[in-house]
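*Asks:* Return a 3D structure for these sequence lines:
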Amino acid sequence: AIFMIPTNPPPTFRKPELWSDDFTDFVKKCLVKNPEQRATATQLLQHPFIKNAKPVSILRDLITEAMEIKAKRHEEQQRELEEEEENSDEDELDSHTMVKTSSESVGTMRATSTMSEGAQTMIEHNSTMLESDLGTMVINSEDEEEEDGTMK
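*Replies:* Numbers count the residues shown, from 1 in each chain. Next up is the predicted model:
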């Protein structure tokens, strides 16, 4: 990027109509490539964009308010995580397991019985080919007469 600066013109706003004339002029003066032609810091401090700016206290209040909102959101997220952890202990059942193995099979997920009637294990076999992420799901229903191959 540093080598492109001398060969390319200074950046400009894609949609200057979204910005005030004072702001676009201020940025334009800051982006002059030739240091001899570029405005000094003292000159920039006298620019109408800086002179007409709102007091620092307004920005400070906005930043303080934003930080408080961010802290509250973080506290809420922490509380939700703690509640989820408490509830997840109650929901845990040791009846189903998801196992992902990587072998040279067709990439199909299948359900197979384990020790008891209600407990099942789902196994996904992957290959290194493109189909590794394109597994097949087959649902057979004895009631349906349609054989259109779509999942409902």
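
*Asks:* Can you name the next helix or strand after whichever strand or helix holds residue 42?
*Replies:* Taking DSSP states H and E as the criterion, residue 42 maps to helix 41-45. The helix or strand immediately downstream of helix 41-45 is helix 48-51, counting by DSSP H and E.

*Asks:* List of residues touching that following helix?
*Replies:* For helix 48-51, contacts defined as Cβ atoms under 8 Å, 6 or more residues apart in numbering pick out 20, 22-23, 25-26, 44. Backbone N, C-alpha and C define where each C-beta goes, glycine included.

*Asks:* Can you flag the buried ones in those?
*Replies:* Buried subset of the contacts of helix 48-51 (neighbour count, 16 or more other Cβ atoms under 10 Å): residue 26.

*Asks:* For residue 68, state which of the contacts of helix 48-51 is nearest.
*Replies:* residue 23 (28.0 Å; Cβ to Cβ).

*Asks:* Give the burial count for the nearest residue to that closest one once chain neighbours are set aside, as a bare number.
*Replies:* Excluding its sequence neighbours, the residue lying closest to residue 23 (Cβ to Cβ, 6 or more residues apart in numbering) is residue 49, at 5.4 Å. For residue 49, the neighbour count with other Cβ atoms under 10 Å is 16.

*Asks:* Distance check, residue 49 against residue 31.
*Replies:* 14 Å (Cβ to Cβ, to the nearest Å).

*Asks:* if we can go back for a sec, now do the helix holding residue 42: which elements does it pack against?
*Replies:* helix 21-30 (3 or more Cβ pairs under 8 Å, 6 or more residues apart in numbering; DSSP states H and E).

*Asks:* before we move on, back to that, what's the separation between the residue nearest to residue 23 and residue 21?
*Replies:* Distance, residue 49 to residue 21, by Cβ to Cβ: 9 Å.
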